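> Provide a 3D model corresponding to the input given below.
(chains A, B, C and D)
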Number of protein chains: 2
Amino acid sequence: MLDNTDLKILKLLKSNCKMQFRDIGEVVHLTGQAVSNRISRMENLGVIKGYTVLLDEKMLNKSLTAYITIFMKTTNHEVFCEFLSNNESVMEANRISGEGCYMLKVQVNSQEDLNDFLDSVLKYGNYRVNISIGKIK
Amino acid sequence: MLDNTDLKILKLLKSNCKMQFRDIGEVVHLTGQAVSNRISRMENLGVIKGYTVLLDEKMLNKSLTAYITIFMKTTNHEVFCEFLSNNESVMEANRISGEGCYMLKVQVNSQEDLNDFLDSVLKYGNYRVNISIGKIK
DNA sequence: GTTTTTTGCTTTCTCCAGGAAAGGATTTAA
DNA sequence: TTAAATCCTTTCCTGGAGAAAGCAAAAAAC
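Modelled structure (predicted):
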């Protein structure tokens, strides 16, 4: 489905999706149009889901990152998932196996906001919090 | 530093950074050029760190997502951080407070690859694994 | 209170990236 | 052996983005 050239193109797009097709073409030895065709194909296939911007969260009052493990105390997962989907502080949310039911990545402004968030989580379950004190990657 | 219009623009870019400046302008009631100026400003400020592509990891043989908590047994954090930076399976890595030293988000092809990864981690520390069994967000 | 500077916008103009269409080469299917 | 499909290149054209100039309002200086 995807050949090596496609993967190279994806890698380039990942580092900068605004890179010009012609420049990508020079790297992978194709014309810009051929690159364009391949990208369209990957968009249609669903391999490429979208294009987005990388923001400096620190500058946007999202200086505090935490990983939160949720231990549900109710069985109402649907409502909880709804809550997660709608909450702007929740960056990622996965149902997990192993200890706990969900793993969340949360980004907020301050300790206070984190407290507020945890309060609102308490309705659904208990939690374990791991606050990021440094981003490696 | 950033006003409400900037935040609106960022939100739009986050959903689709290839959106045309004129179309963004229509939403925030500005001309395309004004939008362009604001975006350039935010790029220079460092609020916008880059533009990237959202991929369907499942289609790229990255079907297995796991959150891994690392409990270091050596003090050689530098080498470990190096290892994390260079490892393609590691999507995120944060130094954390609370239980454990690092929280990793890892995406691999198979249980086998996860095993291999964990083996290579063992040099540095012990781990707790939480495998994602469903992505909410 | 008036002048000067700065800031942020719009308008205009130009250039080039990207998309469409056509044609060719190679592979796959009939 | 022919027909179809795939994937590429070349050519052409449109329209988006960037640059420059000009304007208006706010901020700073006097």
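> which residues of chain A fall in helices?
For chain A, applying DSSP state H gives helices covering A:4-15, A:21-28, A:32-45, A:77-86, A:111-122.
> Give me the helices and strands touching the biggest strand by length in chain A, please.
What stands out as the longest strand in chain A, according to DSSP state E, is strand A:125-135. Packed against strand A:125-135, as judged by 3 or more C-beta pairs under 8 Å, 6 or more residues apart in numbering or on different chains; DSSP states H and E, are the following elements: strand A:64-72, helix A:111-122, strand B:90-96. All C-beta spots, glycine's among them, are computed from the backbone N, C-alpha and C.
> Show me what from chain A comes close to DNA strand C.
Proximity of chain A to DNA strand C is confined to A:20, A:21, A:22, A:32, A:33, A:36 under the rule C-beta under 7 Å from any atom of the strand.
> Would you point out the most distant pair within those residues?
Checked with C-beta to C-beta, the residues of chain A next to DNA strand C reach their widest spread between A:20 and A:33, with 12.2 Å between them.
> looking at the helices and strands packed on strand A:125-135, which is closest to residue B:71?
Of all the helices and strands packed on strand A:125-135, the one in closest proximity to residue B:71, counting by C-beta to C-beta, is strand B:90-96 (10.8 Å).
> Please put the alpha-carbon coordinates of the closest one into CSV.
The C-alpha trace of strand B:90-96 is given here as CSV (Å, rounded to 0.1, in the frame of the first residue of the first chain):
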residue,chain,number,x,y,z
VAL,B,90,8.9,6.8,21.7
MET,B,91,6.2,9.4,20.8
GLU,B,92,6.5,11.4,24.0
ALA,B,93,8.8,11.4,27.0
ASN,B,94,8.5,13.4,30.2
ARG,B,95,10.4,13.5,33.4
ILE,B,96,7.8,13.2,36.1
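> Can you pull out the residues in contact with it?
Applying C-beta atoms under 8 Å, 6 or more residues apart in numbering or on different chains, the external contacts of strand B:90-96 come out as A:65, A:67, A:105, A:130-137, B:69, B:81, B:84-85, B:101-107.
> hmm, back to that, now rank the residues of chain A next to DNA strand C by neighbours and give me the top one.
The residue in the residues of chain A next to DNA strand C with the most neighbours, by other C-beta atoms under 10 Å in any protein chain shown, is residue A:21 (18 neighbours).
> Hmm, residue A:39 and that residue touching each other?
Yes. Counting by C-beta atoms under 8 Å, residue A:39 is a contact partner of residue A:21 at 7.4 Å.
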